[in-house]
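# pasting the sequence and the predicted model now:
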Amino acid sequence: MRTILLGALVTLGVAARRPGVYHAHNIEGRGLVGDGLQIRDYASPESEEELTDDGKGGRAAPDDRWNAGPSAQPYGYPASKSAGTATTQPSASGYSPSASAPTVVSPSPSGTNSTGSCGYWYESIPKLGIAPLADPGYAVYRNVRDFGAVGDGVSDDTAAINTAISSGNRCAPGVCGSTTRTPAVVYFPPGTYLISAPIIDYYYTQIIGNPNCLPVIKAATTFQGDYILDGDPYINGQLGYGATNIFWRQVRNLVLDTRAVAPETNIRAVHWPTGQATSLQNIVFKLSDAPGSRHEGLFIEQGSGGLVTDLVFEGGLNGLNLGNQQFTMRNLTFTNVQTAIFQQWDWGWTYTGLAIKNCSVGLNMSSANPAGALTVSSVILIDSTIVDTPIAILTGRTPNANPPEANSLIVENLTLRDVATAVQGPNGTVLLAGPGSGTSITPAWAHGTQYDASGQRTELADPIAPFPRPTSLIDASGRFYARSKPQYERYPAGAFLSARAAGAAGDGVADDTEALNGVIWAAVAKGKVLFLEAGTYRVTKTIYIPAGARIVGEAYPVILSSGDFFADVNNPQPVVQVGKAGDVGQVEWSDTIVSTQGAQAGAILIQWKLQAPSTAPSGLWDVHTRIGGFAGSQLQVAECPKTPNVTVGEDVPPQCIAAFMGMHIAPSASGVYLENVWNWVADHDVEDASLTQITVYSGRGLLVESERGGIWFVGTSVEHHVLYQYQLRSTRDLFLGQIQTETAYYQPNPPAEIPFAPVAELGDPVFSGNASGWGLRVVDSSSIGIYGAGLYSFFTNYDVHCSDQGNGRTRCQDRILSVEKSSIVLYNLNTVGVTNMITADGVDVTTFLDNPNGFVSTVARFSS
């Protein structure tokens, strides 16, 4: 990920502010549980009844939460009196509902689960997770109570919590740039944890509260600092970690309370400059709602995210104060906030499922730098409700905007009630009126530039035809189906099987193939959830996941392919295969990384063949592929240095040909929900103190060939593969929300067909000359809705200046998006370093010079 320095952001309109001042192989699966393989439960279930809950842990697709929608509160948090009961609304845009909505978790007023207990399986089970490359005795799991935190709301727990996070020679901000050697889970039992100074998050950390009774972290009246939780503290005026290089971390299941701090004090609950494979989930922000309050919920000023989901904001100046290259944010609720969302800057941002009530402004995207240039490139807002808020959206875009394409805006399926102005421009100009004291539904509205496949350009500030949503993609209300990551919070400890207790070593040395395959089958046979503890599970044959499997990882355990089985480019094999062609059923899989070790030219990291029932999609949440650049990969700077001064041809170093493909969704597959999935080939050595760039080769990124479709990509990104990042081939009925790509930094040295020759059976693209790989290629496909796409090409043979802003006609890459014999609707395309932004059936539609938007070039809407 290219780092965009804070100083450079001044040209984008973000002043360098100090924080607090401004705001192919089948495993049949028979006989895998061999003689002598012990499958041990953590404990016996209390009763069979305790296993009947589906454990989805999700919340219904956001609705009008003060009238006909489900509770806006996270699970484990008392429901507000204003939250209504869950009912089904008529389709807002004429869509025909088919898929059922996710399960609604309705907490009791006491904040406990339906059994009246705060008991949580993860707190109860034996802690067997390991970090094989950390210091001897290193503990992955840390309960803050074990470090002296009291949680009584009176004692000062600051030091204890920070010690729980930092102990064990971990990667500290300002000292260590990044590492994968020291993963940690920091667990908060129920309680109120009073703090007097910020909690400092560390690299590769999961901070997890009890989801049945959300723990409260409360700032004391004497609090000194800018943030309750600081994900990247400033040290000597610089962020402790480079924001675009912060990966693999989470925070979930907390209440963050600033209300004891004086309202006029500048304080934010969370500081979260971050990159990919990161998430915030199921967090309540309780902020002062006193007149003149300066409290803010979530502050982001840099980075390249990312996913945020299931957050509730009560009170404060701004719920969200945001600046980042791109983000997907889903299922957010704002009540009594002055401005729900203040957008500092962005390239692309997708909001889905917002519920905003009794705020002054819903979304303010009119930010400008001191020279008057607008700094927000584009925003998408869909499937949302705004109530009792005078101005829903505030934009700065005008016909003479600087830059011309700034503040590109797409609205789709937006319900307003008691809202005077839907979209307001500068000087109070009403661009889209609200319903006043009534209710209105906006099927679709756009403010920006539109192109069709012939290159016809239209300037929009008008209603538009919405994407015709296939019934396979929507819930009963007509909104796109969405489902939060399951935490199985209602399950007893006996509902889980341990991978390490079953004999998997997880030490990165032993061959764990048989043990993993065995325990996966055993968990399915017993109707239990497989708990994959922290560790590195080296495998030499395919790991097979059958229908019915539920797998949850701890601290991103790694399934690491190794050996000759995955090394033949002419006989590619999946490292992990989900289902077989013809199988029907559901799989749930979360919090895991799949990787390769050394030369693995035939490795397909994840191959999905399972067909899911139309009403019960499978899901992947926080499941990432990571190729190279980490300790134990044998693909670091020592093995695979960059060579920009050497012409690279067919003599590519074989030890650096690390994968055939990142992920393959096969023709037989359907019904898959992917959320926060990052398919990454390392551009740098994560363990190197200087984050030195490396050259690692993976043939293909994400290939989708599903014939039935019904697939959702929510907050996904694919980076640095050879032939393409995303390829959608002979498929249909797909939702893609704010996808993001980067072209391999070394291209075109060698060009895109080296070292992987095109394979006709896979529909690989054919290139001529010194071409670079496609960011997105759509071939022979239909009903493809793309709700935000950031396609970036920062380098040519490691020279970054081709992507400099204002660099005239010299770009890093000629073409990056190809649409071939396909029907798509694409909202808010943002490109970097690309000459021709869109190529339709071989014809270039528009160039970056036609659509300037600061550092990026933007097209608000394209259809074919």
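Sure thing, it's come through. Numbering: from 1, shown residues only.

# helix, strand, or coil at residue 522?
helix (DSSP: H, G, I helix; E, B strand; the rest coil).

# how does the protein divide into domains?
Domains of the chain are assigned by automatic domain parsing as 7-23+114-473, 525-863.

# any low-confidence regions in this protein?
1-116, 807-809 (pLDDT under 70).

# need the domains of the chain in TSV with distance to residue 489 and mean neighbour count, can you?
Placement of C-beta: from N, CA and C, glycine included. Output for the domains of the chain, formatted as TSV (distance: least, C-beta to C-beta, whole Å; neighbours: other C-beta atoms under 10 Å):
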stretch	distance to residue 489	mean neighbour count
domain 7-23+114-473	4	21
domain 525-863	11	22
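
# so which of these gets nearest residue 486?
domain 525-863 (5.7 Å; C-beta to C-beta).

# what's the end-to-end length of that closest one?
From its first residue to its last, domain 525-863 covers 47 Å (C-alpha to C-alpha, to the nearest Å).

# try stretch 606-620
Start-to-end, stretch 606-620 (C-alpha to C-alpha) is 11 Å.

# chain center to it: distance?
Remark: stretch 606-620 is offset 19 Å from the chain centroid, using C-alpha atoms, centre = their mean, to the nearest Å.

# and what of stretch 214-231?
25 Å.

# CA atoms only for that stretch, dumped as PDB, please.
Only the C-alpha atoms of stretch 214-231 are listed here, as PDB (Å, rounded to 0.1, in the frame of the first residue of the first chain):
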ATOM      1  CA  LEU A 214     -20.900  -5.100  26.700                       C
ATOM      2  CA  PRO A 215     -18.100  -3.800  28.900                       C
ATOM      3  CA  VAL A 216     -17.900   0.000  29.300                       C
ATOM      4  CA  ILE A 217     -14.600   2.000  29.000                       C
ATOM      5  CA  LYS A 218     -15.300   5.300  30.700                       C
ATOM      6  CA  ALA A 219     -13.200   8.400  30.600                       C
ATOM      7  CA  ALA A 220     -12.800   9.900  34.100                       C
ATOM      8  CA  THR A 221     -13.600  13.500  34.800                       C
ATOM      9  CA  THR A 222      -9.800  14.000  35.200                       C
ATOM     10  CA  PHE A 223      -9.100  12.300  31.800                       C
ATOM     11  CA  GLN A 224      -5.900  13.700  30.200                       C
ATOM     12  CA  GLY A 225      -5.600  13.000  26.500                       C
ATOM     13  CA  ASP A 226      -7.400  13.200  23.100                       C
ATOM     14  CA  TYR A 227      -8.800   9.600  22.800                       C
ATOM     15  CA  ILE A 228     -10.200   6.900  24.900                       C
ATOM     16  CA  LEU A 229      -8.800   4.300  22.500                       C
ATOM     17  CA  ASP A 230      -5.800   5.500  20.400                       C
ATOM     18  CA  GLY A 231      -5.200   3.200  17.500                       C
END
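
# where along the stretch 351-500 of the chain do the strands fall?
Remark: strands assigned in the stretch 351-500 of the chain by DSSP state E, counting those that start in this stretch are 361-364, 378-387, 391-394, 408-424, 430-452, 457-463, 496-498.

# including distance to residue 585, could those go into JSON lines?
Output for those, formatted as JSON lines (distance: least, C-beta to C-beta, whole Å):
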{"stretch": "strand 361-364", "distance to residue 585": "40"}
{"stretch": "strand 378-387", "distance to residue 585": "28"}
{"stretch": "strand 391-394", "distance to residue 585": "42"}
{"stretch": "strand 408-424", "distance to residue 585": "31"}
{"stretch": "strand 430-452", "distance to residue 585": "35"}
{"stretch": "strand 457-463", "distance to residue 585": "42"}
{"stretch": "strand 496-498", "distance to residue 585": "18"}
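
# select, out of those strands, the one closest to residue 618.
strand 496-498 (19.5 Å).

# which secondary structure elements does the closest one contact?
helix 513-526, strand 529-532 (3 or more C-beta pairs under 8 Å, 6 or more residues apart in numbering; DSSP states H and E).
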